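Trainee: prediction below, plus the sequence it came from.
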Amino acid sequence: MTWRKGIAIFSLFSLFILPTLYKRIAIYFQEQQGITVMMYALKGNGEIDWDQPNPLCQWDDPSTPQNEADTRYGCTEFDSGRYPPEQVRPYPYPTNPAQVEIEGDYLLDVVPREMEPSYHPLALRAQAIASRTYAYCAIRANEGGEDYWGNCRREINNSNQFQVFIPYYFDRLSSAYQQAVQEAVNETEGLYLIYAPEPGKGPIFAEFSADAYLRTASGDYGYLRSVENPISYAPAITGIISETNAHQRGMSQNGASRWGFGNSGRYGTGEPWPIRWEDYRQILVHYYTGVHLVDNQGNTLTPSDRWNLLNHTVPTTVTAGSVFTPSLMLQNTSTWEWWEEAIVLGYQWTASGASPLPEGVSSRTRAPRWRSTNPFASCYRASGSLVKASWAVTSSPSGWHRAASVHVKTLCATRCSPGHHISIPLLGSLPSLRYHYASERGLTPNLIAKE
């Protein structure tokens, strides 16, 4: 018989369930079909080429027989400076500023230019949402209303002052990369981020940069808090930050890919990390504090209750009968502050193949009720800065008996604000079996035991 021991952390109401529509907000950003972009000739790094006498992209005059459309880099990806004449594609829009469709044109060129399409698919989806949110925020701010995020009021252009947008960039990608980008944009169509405490301001100022070493930097708004980024620990990251001038605010693009791969390398080729995320919303709520993901119909696609497991030290193998001290590092990614006794940590035995959720646990289940329905389940509330709890001896269907004690110490005293993390050391005595570690869904550590 095979049994699995799992560690799970439950808030009072809910965890992430992807298809669920959690609520409808009263104020939402109407669907945007297009974006107006001022187009410039660019340098290779995405900066406007001010060395040009006139850096503005020129469009074709339809009244003349020749094609005057610009062929400089930035006005087109297939420019005359790098491609032979038969491969050059002139500037495609009839005006400047250009009117560009967001989903079927703009984002297809922006996403792979801002993030390498070889990155993890979850990271590409997070990038599509961040880029769409960034564009929506500027559109709203430039409309001249009074309720918007002030930093969004800026010229929407095709340079790295905004988001790098080069016509035909998507077309130069391999078919595999085109598919990866197309899926990222299509599967997140119309989705964007708002700040839960101030939904009326609409799409957030969704800053992002190439990388962030160990933790992100604070920005100008509550959703741009500095958060722990432990998966990005390699010393070489400091060189990436210097080379790319990464401001480290908001989403770390390389970090997003690392979380998707569960690996210290952005391409999944570094050292394995104990945690692997399987939902792009985990990436977004990690880097943007207190946000909701919404669609253009006003539906909220994220619960207010949520958490991310950032790290744990459960060993790969544990000698039978030994005492071990693993720890968990988790982040409050909720839209509310965890107050005293608000969060429950559960620790249970579950039969192999069975649901890790203990029977009888509902959206408002309190810790003491867990014991009555699962002979292997026991839990307690994380109350105050230090909580101690003991487990009674329980028996399994196969006759095993065990007893354990657990100590929890939070680093947030009695409260933990959104974006902050908690490190929880655990002490437990194992029964006389040998355990092997496995990661189920990349969300919680699990131990696999066999007779």
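Mentor: Okay, I see it.
Trainee: let me know the pLDDT of S432.
Mentor: In this prediction, S432 carries a pLDDT score of 28.
Trainee: ugh, typo on my part, it should be I166
Mentor: Value listed for I166 in the pLDDT field: 98.
Trainee: got the contact list for it?
Mentor: By CB atoms under 8 Å, 6 or more residues apart in numbering, the contact set of I166 is L42, Y73, G74, T76, E77, D109, R113, N158. (Each C-beta comes from the backbone N, C-alpha and C, glycine too.)
Trainee: closest one to E228 out of those, please.
Mentor: Lowest distance from E228 to those (CB to CB) belongs to R113, with 28.9 Å.
Trainee: check which helix or strand that closest one maps to.
Mentor: Secondary structure assignment for R113, by DSSP states H and E: helix 107-114.
Trainee: which strands and helices lie in contact with that helix?
Mentor: Contact partners of helix 107-114 among helices and strands, from 3 or more CB pairs under 8 Å, 6 or more residues apart in numbering; DSSP states H and E: helix 121-142, helix 175-187.
Trainee: among those helices, which is nearest L328?
Mentor: Using CB to CB, these put helix 121-142 closest to L328, at 21.9 Å.
Trainee: residues of that closest one that come out buried?
Mentor: Judged by neighbour count (16 or more other CB atoms under 10 Å), helix 121-142 contains these buried residues: 122-141.
Trainee: looking at the contacts of I166, which are in helices?
Mentor: Among the contacts of I166, the members found in helices (DSSP state H) are D109, R113.
Trainee: so which of the helices and strands packed on helix 107-114 gets nearest P230?
Mentor: helix 121-142 (16.9 Å).
Trainee: where does the prediction get shaky in this structure?
Mentor: Residue ranges of the chain with pLDDT under 70: 1-32, 314-327, 339-416, 419-451.
Trainee: rerun that using 90 as the cut-off
Mentor: Filtered on pLDDT under 90, the chain yields the residue ranges 1-33, 143-147, 274-275, 278, 296-298, 302-451.
Trainee: domains in it, by residue range?
Mentor: According to automatic domain parsing, the chain comprises the domains 2-14+307-450, 23-38+98-300.
Trainee: now stretch 219-234 - C-alpha only, CSV.
Mentor: Taking C-alpha atoms only, stretch 219-234 is exported to CSV below (Å, rounded to 0.1, in the frame of the first residue of the first chain):
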residue,chain,number,x,y,z
GLY,A,219,7.6,51.3,-7.0
ASP,A,220,5.3,54.3,-6.7
TYR,A,221,2.1,52.4,-5.9
GLY,A,222,0.8,49.9,-3.3
TYR,A,223,0.8,47.1,-5.9
LEU,A,224,4.5,47.6,-6.6
ARG,A,225,5.8,46.5,-3.2
SER,A,226,9.2,45.0,-2.8
VAL,A,227,8.7,41.2,-2.5
GLU,A,228,11.0,38.2,-1.9
ASN,A,229,12.2,36.6,-5.1
PRO,A,230,14.2,33.7,-3.7
ILE,A,231,14.3,31.6,-6.9
SER,A,232,16.4,34.4,-8.5
TYR,A,233,19.6,33.8,-6.4
ALA,A,234,22.3,33.2,-8.9
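Trainee: next, the nearest residue to C75 once chain neighbours are set aside: phi, psi?
Mentor: In space, and not counting its chain neighbours, C75 is closest to C57: 3.8 Å by CB to CB, 6 or more residues apart in numbering. Dihedral angles of C57 (phi, psi; degrees, to the nearest 10) stand at phi -70, psi 140.
Trainee: and for V291?
Mentor: The phi/psi pair for V291 (degrees, to the nearest 10) is phi -100, psi 160.
Trainee: tell me the angle of the helix holding R113 relative to helix 175-187?
Mentor: Interaxial angle, helix 107-114 versus helix 175-187 (axes from the mean of the first three to the mean of the last three CA atoms, to 10 degrees): 120 degrees.
Trainee: list of residues touching helix 107-114?
Mentor: By CB under 8 Å, 6+ apart, helix 107-114 touches 46, 77, 117, 124, 127-128, 131-132, 163-170, 173, 177, 181-182, 184-185, 208, 253.
Trainee: can you point out the buried residues in that helix?
Mentor: Using 16+ other CB under 10 Å as the test for burial, helix 107-114 gives L107, L108, D109, V110, V111, P112, R113, E114.
Trainee: max pairwise distance over those: which two?
Mentor: Among the buried residues of helix 107-114, L108 and E114 lie farthest apart (CB to CB), at 11.8 Å.
Trainee: does Q248 touch L214 like I think?
Mentor: No. Using CB atoms under 8 Å, Q248 is not in contact with L214, being 9.9 Å away.
Trainee: picking up where we left off before, would you list the buried residues of helix 107-114 in TSV and tack on distance to C152?
Mentor: Below are these laid out as TSV (distance: CB to CB, whole Å):
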residue	distance to C152
L107	17
L108	22
D109	21
V110	16
V111	19
P112	23
R113	20
E114	17
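Trainee: wait, which of the residues you listed is closest to S63?
Mentor: Nearest member of those to S63, counting by CB to CB, is D109, at 28.6 Å.
Trainee: can you pull the contacts of the residue nearest to that closest one when sequence neighbours are not counted?
Mentor: Nearest residue to D109, sequence neighbours excluded (CB to CB, 6+ apart): Y169, at 4.4 Å. By CB under 8 Å, 6+ apart, the contact set of Y169 is E77, D109, P112, R113.
Trainee: show me which pair in these is furthest apart.
Mentor: Spanning the widest gap among those are E77 and P112, at 10.7 Å by CB to CB.
Trainee: now do the helices in the protein.
Mentor: Taking DSSP H, the helices of the chain run over residues 107-114, 121-142, 175-187, 236-244, 253-261, 280-287.
Trainee: now do the first one and helix 253-261, the angle between them.
Mentor: Right, helix 107-114. 100 degrees.
Trainee: tell me what angle helix 107-114 forms with helix 121-142.
Mentor: Going by the same axes, to 10 degrees, helix 107-114 makes 110 degrees with helix 121-142.
Trainee: using PDB, list the CA coordinates for helix 107-114.
Mentor: C-alpha atoms of helix 107-114 as PDB (Å, rounded to 0.1, in the frame of the first residue of the first chain):
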ATOM      1  CA  LEU A 107       0.600  42.300 -28.600                       C
ATOM      2  CA  LEU A 108       1.900  39.700 -31.100                       C
ATOM      3  CA  ASP A 109       4.800  42.000 -31.900                       C
ATOM      4  CA  VAL A 110       5.300  43.400 -28.300                       C
ATOM      5  CA  VAL A 111       5.300  40.200 -26.300                       C
ATOM      6  CA  PRO A 112       8.200  38.400 -28.100                       C
ATOM      7  CA  ARG A 113      10.200  41.700 -28.200                       C
ATOM      8  CA  GLU A 114       9.800  42.300 -24.500                       C
END
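Trainee: which of the contacts of Y169 sits closest to R281?
Mentor: Comparing these against R281 with CB to CB places P112 closest, at 21.5 Å.
Trainee: thinking again about what came up before, quick one: which of the contacts of Y169 is nearest W259?
Mentor: P112 (19.5 Å).
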